[in-house]
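Enquirer: Sequence first, then the predicted structure, then my questions.
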Amino acid sequence: MSTPGAFAPSGIITLTTDFGLADPFVGVMKGRILSRFAVARIVDLTHEIPAHQPQVAGFWLARCFEDFPAGTVHVAVVDPGVGTDRAIVCLLARGHALLAPDNGLLEPCRARDPRSEIVELAPAALAALHIHRVSSTFHGRDIFAPVAAELAAGRCPPAALGPRRERLAAVDAAVHSPAPHSAAVLIGSVVTIDRFGNLITDLDAERLKGIAAPRVCIAGRGLPLRRTYGEAHAGELLALVNAFGVLEIAEAHGSAAATLGVKPGTQVTVEEGEEHLLGGANRL
Amino acid sequence: MSTPGAFAPSGIITLTTDFGLADPFVGVMKGRILSRFAVARIVDLTHEIPAHQPQVAGFWLARCFEDFPAGTVHVAVVDPGVGTDRAIVCLLARGHALLAPDNGLLEPCRARDPRSEIVELAPAALAALHIHRVSSTFHGRDIFAPVAAELAAGRCPPAALGPRRERLAAVDAAVHSPAPHSAAVLIGSVVTIDRFGNLITDLDAERLKGIAAPRVCIAGRGLPLRRTYGEAHAGELLALVNAFGVLEIAEAHGSAAATLGVKPGTQVTVEEGEEHLLGGANRL
Amino acid sequence: MSTPGAFAPSGIITLTTDFGLADPFVGVMKGRILSRFAVARIVDLTHEIPAHQPQVAGFWLARCFEDFPAGTVHVAVVDPGVGTDRAIVCLLARGHALLAPDNGLLEPCRARDPRSEIVELAPAALAALHIHRVSSTFHGRDIFAPVAAELAAGRCPPAALGPRRERLAAVDAAVHSPAPHSAAVLIGSVVTIDRFGNLITDLDAERLKGIAAPRVCIAGRGLPLRRTYGEAHAGELLALVNAFGVLEIAEAHGSAAATLGVKPGTQVTVEEGEEHLLGGANRL
């Protein structure tokens, strides 16, 4: 199923970048895709990944790619190393093909499938696919778009892209250090803040299992864990397991980010409490 | 024509939300739609509705949905009550199906078709459509997307979603009170401000009919009613009936919002004037 | 090939506007297109052109339209003259059809094809296409969308839109004056600033050919010309020929716009230097 040869393209391509939508960069990627595969169905996942932060792209992609049909090609271009000799890799995981620079972006996706496989894009494959004029600064247009089109069209099996690799490039993982004398049993951080001011953390719900009456601490505040926004009154801060399976800190009908004054990177800890507030949270 | 049974799907789905585009929330809704209906054609109406303001979504949806082919499914998710027991409703109006939380959002659409019908989404329909794992916080992905896909694919007739309803949930309408001694014959407010700084009001053009020489008052200024921006010189403030059939206050080649310093919610009144400036405005 | 009669539609339509995405204006254009041509494939190039700056739309469109398949219809609506008697024109260039107000927007595209042809949209064509109710303020929806749909559907050959024209409306070109005693051999300006803070200029790479060791000057700084971001260390300012073939000023892993404090319109000059730094830049 997850062997490169077994990838069965759905004709769908998703795009995730840090390009924003103000410039035509995403549009020209779509033009290049359609020039090779006229009936591609292209979906934007997001183009507002913070500039040069592949780990944020990987966080979201890992939690979203399986919402698309198996056989989808996912292109993620957050690529501070463009123009250097960093590799481009194709990850085959759970029936999907994910194409990205080899800068750690794909690690959270790889971790979701113990049988995943990795192929490194080889110069010979570019030549075989007639990908010639490659700029030094815009591989999204010049490499990722045409390769994704060929994969999605079923004209290029993933195994033809290049040699198999055993692992992705290693990157420094964030190190979380608790404060001295902390009662924290879990330590994480805010990955991103959504449009509503909700703080989305890197703490997966399954890590909360077995913690009696978890109490979520951020910016000097301790918050109960609730099941949904509807369980809090307007203006109340709460923690919950969100729809992506991670711990989130929210303010009912308000902005937790504004109230707490926190930014991405802020530390979040979970302590074992005395009350039983967990409810159905880890059923989400 | 507008009976639930007569809805003939076009295969097109539009999306209107307050999710923004910075996060992948809209993208995953599309993934879930395509997972059920691979050839859906999905169009973004807008995802920048102000957070938790269903009335702004309803204002625009009512003025836009008929620009799409009959048989289109319009999904609108501006849903401050997600996770509570608020209902989800499907409105059948003028050959379109509109799916939204029952929070007043669909009222302006319903008002456009005296023969419209309302169906309330029932838990049994979710089970019948194999919609099982539903989070408490993201019904856009977990309910609206799959239901829209089934409607657009023609596999689920609207009548199968649940029981007929006579009316939508009542919501408080804005109350407009004129200042004492005002000569106002019409009172409304600014609904939204577009990218050019134009102030878009909730005053429909037809309400201007029969008012001799209308004079539009906002922020202490009285403005003539013109036919188009081109009739004003650069920097001049003017009022006109815009392409959506409502009164708009604009500055030719400038930003009325910046010049007047007003925000959404600001009161707008129309007085009967002495001059004859109306021209062809209500022909738009 | 580039005669109006020889345009062979691909079924793809691109959209470039200054409408932004906060309002549903782009969405309703798509609705009107799909109402006439249900299988149109519509791609957003960008909707964040600075308000009322057709020259920025033209700059990008000229550098992007050939990334789409021949036979694509490109609609560009940056139209400060909407509601006046400005014409609408269709440019046939290199197998593509480009539709825009006749306000200079299409001039950079026309310059790319010496055999291009121009047709002016005539009122008779609107009538023949059953385009009747036209507002004074939103020609994107009322004229451009349906005309593009008919062109893309192959039901209206470009020649049927109206009379041939010899040239586009003349517009004032920016005048670049060097400072007295300047050693500048090339003078241009910053057209736009991308999301990364890179300064994109109107100086085409081919104009750099033959300049020995070019030195790029902006905001009192002189910068070397490099091949790619990867050749600079983090925080270093550099100039390079970007993927669109124009001179760009960047800061490696930073924002040149923030560091230099410059805005669109800022003058950029190129001097002949003494060192040989050019490298492979003009191969991009």
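Expert: Nice, I can see it.
Enquirer: List the beta-bridge partners for residue A:88.
Expert: residue A:101 (DSSP bridges).
Enquirer: Now do it: how many residues are near it, please.
Expert: Taking other CB atoms under 10 Å in any protein chain shown as the criterion, the count of residues near residue A:88 is 23. Where you see a C-beta, it was placed from the backbone N, CA and C, and this is true even at glycine.
Enquirer: Does it touch residue A:142 like I think?
Expert: No - no contact is recorded between residue A:88 and residue A:142 when judged using CB atoms under 8 Å, the distance being 11.3 Å.
Enquirer: Can you tell me which residues in the stretch 101-250 of chain A are near chain C?
Expert: Taking CB under 8 Å from any CB of the partner chain as the test, the list of the stretch 101-250 of chain A residues beside chain C reads A:135, A:136, A:137, A:138, A:141, A:142.
Enquirer: Domain map for chain A?
Expert: For chain A, the domain assignment from automatic domain parsing gives the residue ranges A:4-165, A:178-283.
Enquirer: what about the first one, distance to the chain center?
Expert: By that I understand domain A:4-165. Relative to the chain's own centre, domain A:4-165 is displaced by 13 Å; criterion: CA atoms, centre = their mean, to the nearest Å.
Enquirer: Averaged pLDDT, that domain. What do you get?
Expert: Confidence over domain A:4-165, taken as the mean pLDDT, stands at 96.
Enquirer: do the last one as well
Expert: Taken as a whole, domain A:178-283 has an average pLDDT of 86.
Enquirer: Which one (most neighbours) among the residues of the stretch 101-250 of chain A next to chain C?
Expert: When neighbours are counted by other CB under 10 Å, residue A:141 leads these with 25 neighbours.
Enquirer: from memory that one sits against residue C:68, does it?
Expert: No - between residue A:141 and residue C:68 there is no contact, the gap being 12.0 Å when judged by CB under 8 Å.
Enquirer: which residues are contacting stretch A:158-165?
Expert: Residues external to stretch A:158-165 that are found in contact with it (CB atoms under 8 Å, 6 or more residues apart in numbering or on different chains): A:4-5, A:7, A:89-90, A:92, A:97, A:117-122, A:124-125, A:128, A:147, A:151.
Enquirer: Tell me which strands the longest strand seen in chain A pairs with, and in which orientation.
Expert: Selection of the longest strand in chain A by residue count, based on DSSP state E, yields strand A:184-193. Looking at strand A:184-193 with DSSP bridges, its partner strands are strand A:199-204 (antiparallel), strand A:267-272 (antiparallel).
Enquirer: Can you report how many residues neighbour residue A:113?
Expert: The number of residues packed near residue A:113 is 17, by other CB under 10 Å.
Enquirer: where does it land in three-state SS?
Expert: Under DSSP: H, G, I helix; E, B strand; the rest coil, the three-state class of residue A:113 is coil.
Enquirer: How much space separates it from residue A:93?
Expert: With distances taken as CB to CB, to the nearest Å, residue A:113 is found 4 Å from residue A:93.
Enquirer: And residue A:242, by the same measure?
Expert: Residue A:242 sits 23 Å away from residue A:93 when distances are taken as CB to CB.
Enquirer: quick one: the longest strand of chain A to chain centroid distance?
Expert: Relative to the chain's own centre, strand A:184-193 is displaced by 16 Å; criterion: CA atoms, centre = their mean.
Enquirer: contacting residues around that strand?
Expert: Strand A:184-193 has contacts (CB under 8 Å, 6+ apart) with A:50, A:55-56, A:59-60, A:174, A:176-178, A:199-203, A:207-208, A:211, A:217-218, A:246-247, A:249, A:257, A:262-272, B:23.
Enquirer: Same check on stretch A:101-110?
Expert: Residues external to stretch A:101-110 that are found in contact with it (CB under 8 Å, 6+ apart): A:54-55, A:57-59, A:61-62, A:65, A:76-82, A:86-89, A:91, A:93, A:98, A:100, A:116, A:118, A:120, A:139, A:168-171.
Enquirer: Just say which of the domains of chain A is most tucked in.
Expert: Neighbour counts averaged per stretch over these are highest for domain A:4-165, at a mean of 21; criterion: mean count of other CB atoms under 10 Å in any protein chain shown.
Enquirer: mind giving me JSON lines with the residues of the stretch 101-250 of chain A next to chain C and columns for secondary structure?
Expert: Listed next are these as JSON lines, based on three-state DSSP:
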{"residue": "A:135", "secondary structure": "coil"}
{"residue": "A:136", "secondary structure": "coil"}
{"residue": "A:137", "secondary structure": "coil"}
{"residue": "A:138", "secondary structure": "coil"}
{"residue": "A:141", "secondary structure": "helix"}
{"residue": "A:142", "secondary structure": "helix"}
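Enquirer: of all these, which two lie farthest apart?
Expert: The most widely separated members of those are A:136 and A:141, with 12.1 Å between them, by CB to CB.
Enquirer: Identify the contacts common to the two.
Expert: Both residue A:136 and residue A:141 are contacted by residue C:243, under the criterion CB under 8 Å, 6+ apart.
Enquirer: quick one, what contacts residue A:18?
Expert: If you count contacts by CB under 8 Å, 6+ apart, residue A:18 has them with A:47, A:48, A:49, A:50, A:51, A:52, A:53, A:57, A:77, A:78, C:195.
Enquirer: export those to a markdown table and tack on distance to residue B:188 and secondary structure?
Expert: Putting those into a markdown table (distance: CB to CB, whole Å; DSSP: H, G, I helix; E, B strand; the rest coil) gives the following:
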| residue | distance to residue B:188 | secondary structure |
| --- | --- | --- |
| A:47 | 37 | coil |
| A:48 | 35 | coil |
| A:49 | 41 | coil |
| A:50 | 40 | coil |
| A:51 | 42 | coil |
| A:52 | 46 | coil |
| A:53 | 44 | coil |
| A:57 | 44 | helix |
| A:77 | 46 | strand |
| A:78 | 45 | coil |
| C:195 | 38 | coil |
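Enquirer: from the residues you listed, which is closest to residue B:236?
Expert: residue C:195 (34.5 Å).
Enquirer: Skipping its backbone neighbours, what lies nearest the closest one in space?
Expert: Sequence neighbours aside, residue A:20 is the residue nearest to residue C:195 in space, at 3.7 Å (criterion: CB to CB, 6 or more residues apart in numbering or on different chains).
Enquirer: now residue A:126
Expert: residue A:143 (6.9 Å).
Enquirer: who's in contact with that neighbour?
Expert: Shown in contact with residue A:143 (CB under 8 Å, 6+ apart): A:88, A:121, A:126, A:131, A:134.
Enquirer: Put together TSV for those, with secondary structure on each row.
Expert: Below are the contacts of residue A:143 laid out as TSV (three-state DSSP):
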residue	secondary structure
A:88	strand
A:121	coil
A:126	helix
A:131	coil
A:134	coil
